[in-house]
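> Build me a model from this:
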Amino acid sequence: QIESLDKSLEDLLTRVDEFVGMLDMIRSDSSQVVNESIPQIYTKATEMRQIYRKIDKLEAFVKMIGNSVAGLEERVTKAETDLGAFPSAFKKILHTISIPSFLNKSSSSRQQQTLYEPPVLFKTEDYFPCLNEAPY
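All right, here's what the predicted structure looks like:
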């Protein structure tokens, strides 16, 4: 019985040593996480905040460009309806026939009705100043 108890105690001591070793590893891993990994994570999070700000600015820029393009599309559509989207090939054919006075009157009256106002466009250089630099 004593031998059996002695063997059980040795086995138990071995397991306790293994457990203490595992606790030491966990402590060292925890201290490494606290001392090294958390500051690295904080630094990366700060860098990411700057990237998020850039992404937000880029999204706002893309939205502004989309609104500008939509406005230009509306103006083109309005100009096509006001001036007519009559193909130039048909105009040339009609000019060769004996009705040039009819076409000239309609086009001149249309030109007098609407004056062209150039749209206000953005400049990419205002938003991306690095584009003004010469390429390397």
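> got a list of contacts for stretch 61-80?
114, 119, 121-122, 127 (C-beta atoms under 8 Å, 6 or more residues apart in numbering). C-beta coordinates here come from the backbone N, C-alpha and C atoms, glycine included.
> Can you add distance to residue 3 and pLDDT and give those residues back as a markdown table?
Listed next are those as a markdown table, based on distance: C-beta to C-beta, whole Å; pLDDT from 0 to 100:
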| residue | distance to residue 3 | pLDDT |
| --- | --- | --- |
| 114 | 112 | 59 |
| 119 | 100 | 81 |
| 121 | 96 | 81 |
| 122 | 91 | 79 |
| 127 | 85 | 78 |
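> Return the member of those nearest to residue 37.
Distance to residue 37, by C-beta to C-beta, is smallest for residue 127 among the contacts of stretch 61-80, at 37.7 Å.
> number of nearby residues for the closest one?
Summarising burial for residue 127: neighbours were counted as other C-beta atoms under 10 Å, giving 14.
> Next up, the contacts around it.
Contacts for residue 127 (C-beta under 8 Å, 6+ apart) come out as residue 61.
> and the lengthiest helix in the chain, what's its mean pLDDT?
When the chain is parsed with DSSP state H, its longest helix is helix 38-83. The average of the pLDDT scores along helix 38-83 is 90.
> and it, how far out from the chain's middle?
7 Å (C-alpha atoms, centre = their mean, to the nearest Å).
> Then stretch 23-40?
37 Å.
> Please point out which parts of it sit buried.
By neighbour count with 16 or more other C-beta atoms under 10 Å, stretch 23-40 contains no buried residues.
> With respect to residue 57, which of the contacts of stretch 61-80 is nearest?
residue 127 (8.6 Å).
> ok, the closest one to residue 77 distance?
According to C-beta to C-beta, to the nearest Å, residue 127 and residue 77 sit 27 Å apart.
> CA-only coordinates of stretch 1-12 in CSV, if you can.
The C-alpha trace of stretch 1-12 is given here as CSV (Å, rounded to 0.1, in the frame of the first residue of the first chain):
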residue,chain,number,x,y,z
GLN,A,1,0.0,0.0,0.0
ILE,A,2,2.8,2.4,0.8
GLU,A,3,4.4,1.8,-2.6
SER,A,4,1.1,2.5,-4.3
LEU,A,5,0.6,5.6,-2.2
ASP,A,6,4.2,6.7,-2.9
LYS,A,7,3.7,6.2,-6.7
SER,A,8,0.4,8.2,-6.6
LEU,A,9,2.2,11.0,-4.7
GLU,A,10,5.0,11.1,-7.3
ASP,A,11,2.4,11.1,-10.1
LEU,A,12,0.5,13.9,-8.3
